[in-house]
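J.: Okay, predicted coordinates and the sequence, questions at the end:
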Amino acid sequence: MPELPEVETTVRALRPHITGRTILEARFFNPRVLGRKPEPDLAGRTIASVGRRGKYILLDLGDDVLSIHLGMTGKLLVNAPPETHTRAYFTLNDATLNFVDPRMFGRIELNPARIAKLGPEPLEVTFEEFRRRLKTRRTRIKALLLDQGFLSGVGNIYADESLHRAGIHPCAIAARLGPDRARRLYKAIRQVLTEAIASGGSSISDYVDAEGRKGWFQIRHRVYQRHGEKCLRCGAIIRRILIAQRGTHYCPKCQKR
DNA sequence: ATCGGTACCTGCACGC
DNA sequence: TGCGTGCAGGTACCGA
């Protein structure tokens, strides 16, 4: 679930609790969370700061960066006891960190190489750079928005919501978007992400931030998971199709190829 | 290099 | 009640 707004909300909630704290003990209950790498020795390391890049939570340990990716169902909870799906548990001086992830798509990794391959941050990239990157890609725009090497942080919900606000069909070929439509998409992505962060993200099933708070942007979704219902803008029936094996929701009247 | 399909996991809602 | 199916916020990897 967690896309950029949910990760950003989690990071903001996390920050005051763990910045400057030292890790006393790190326990990994399932090796899968580490990918194929050996268990890092984190005892005694101090968290200098907490940041985010794309959908990655980054704990600055001085010489190293500990990255936590929440996958589809991950949560990172402060001061909550271990539960059924706890995959890792950190004890700090004066706080605990509980990594809960039922589906185990999440990963905890020291200095991941992936970070360097991420595309620009959607809230930082300029329109000129966004357009330049769009021009060379022949894939469907929805698939491209999910590509973290193109733009980092946008996932299934915010891709669909952005395309609806921009009035662009998810099957439109990226390189064929002219300056006007590219500009509308650029603005829509920024607007949707900014509003979602202000709402604390979207709580679709059980997403909560580090302090256990739900987000509320889901009540403002205009197409995501609304197939069969009326478009709030034009009244047409929202459709659901598959793009890149992901459910894709759009209005057939508002969104043109 | 780019693109699309599959695999990796668990849980839930649904129909029978 | 229980079983099978389809679906879910993500990404790595493979072959074309």
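T.: Received the coordinates, thanks.
J.: Could you use CA atoms for every contact and neighbour count after this?
T.: Will do.
J.: Show me which residues of chain A sit near DNA strand C.
T.: A:1-3, A:55, A:71-73, A:105, A:114, A:146-148, A:153-157, A:202-207, A:225, A:246-247 (C-alpha under 7 Å from any atom of the strand).
J.: which regions of the stretch 1-150 of chain A lie under the pLDDT threshold?
T.: Within the stretch 1-150 of chain A, the ranges that satisfy pLDDT under 70 run A:1.
J.: all strands in it, in order from the N-terminus.
T.: Taking DSSP state E, counting those that start in this stretch as the criterion, the stretch 1-150 of chain A contains strands spanning A:23-28, A:49-53, A:56-60, A:65-69, A:75-78, A:86-92, A:95-100, A:107-110.
J.: Output those strands in TSV; the columns should cover mean neighbour count.
T.: What follows is the strands of the stretch 1-150 of chain A, written out as TSV (neighbours: other C-alpha atoms under 10 Å):
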stretch	mean neighbour count
strand A:23-28	17
strand A:49-53	18
strand A:56-60	23
strand A:65-69	22
strand A:75-78	24
strand A:86-92	21
strand A:95-100	22
strand A:107-110	21
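J.: Residue A:4: what's its closest spatial neighbour, skipping adjacent residues?
T.: The shortest distance from residue A:4 to any residue that is not its chain neighbour, by C-alpha to C-alpha, 6 or more residues apart in numbering, is 4.5 Å, and that residue is residue A:153.
J.: and that neighbour, how many neighbours?
T.: By the other C-alpha atoms under 10 Å criterion, the neighbourhood of residue A:153 contains 31 residues.
J.: Can you check which of the strands of the stretch 1-150 of chain A gets nearest to residue A:127?
T.: The closest approach between residue A:127 and any of those, judged by C-alpha to C-alpha, belongs to strand A:49-53 at 19.3 Å.
J.: Just the mean pLDDT for the biggest helix by length in chain A, thanks.
T.: As far as residue count goes, and with DSSP state H defining each element, the longest helix of chain A is helix A:179-198. On average, the pLDDT along helix A:179-198 is 97.
J.: Can you name the secondary structure element that comes next after that helix?
T.: Beyond helix A:179-198 in the direction of the C-terminus, DSSP states H and E gives the next helix or strand as strand A:239-243.
J.: Nearest spatial neighbour of residue A:246, chain-adjacent residues omitted?
T.: residue A:156 (7.4 Å).
J.: For that neighbour, give me its contacts.
T.: With contacts defined as C-alpha atoms under 8 Å, 6 or more residues apart in numbering, the neighbours of residue A:156 are A:146, A:246-248.
J.: Quick check: phi and psi on it?
T.: With angles defined as degrees, to the nearest 10, residue A:156 sits at phi -60, psi -40.
J.: Dump the C-alpha coordinates for stretch A:221-238 into PDB.
T.: Output for stretch A:221-238, consisting of C-alpha atoms alone and laid out as PDB, is shown next (Å, rounded to 0.1, in the frame of the first residue of the first chain):
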ATOM      1  CA  HIS A 221     -10.200   9.100  -4.400                       C
ATOM      2  CA  ARG A 222     -12.000   9.900  -7.600                       C
ATOM      3  CA  VAL A 223     -11.300   6.600  -9.500                       C
ATOM      4  CA  TYR A 224      -9.200   4.200  -7.500                       C
ATOM      5  CA  GLN A 225     -11.300   1.200  -6.600                       C
ATOM      6  CA  ARG A 226     -14.500   3.100  -7.800                       C
ATOM      7  CA  HIS A 227     -15.100   0.900 -10.900                       C
ATOM      8  CA  GLY A 228     -18.900   0.600 -11.500                       C
ATOM      9  CA  GLU A 229     -19.600   3.900  -9.700                       C
ATOM     10  CA  LYS A 230     -20.200   7.200 -11.400                       C
ATOM     11  CA  CYS A 231     -17.400   9.600 -12.200                       C
ATOM     12  CA  LEU A 232     -17.700  12.500  -9.800                       C
ATOM     13  CA  ARG A 233     -16.900  14.900 -12.600                       C
ATOM     14  CA  CYS A 234     -19.000  13.700 -15.600                       C
ATOM     15  CA  GLY A 235     -21.300  10.900 -14.300                       C
ATOM     16  CA  ALA A 236     -19.900   8.200 -16.600                       C
ATOM     17  CA  ILE A 237     -19.300   4.800 -15.100                       C
ATOM     18  CA  ILE A 238     -15.700   4.300 -13.900                       C
END
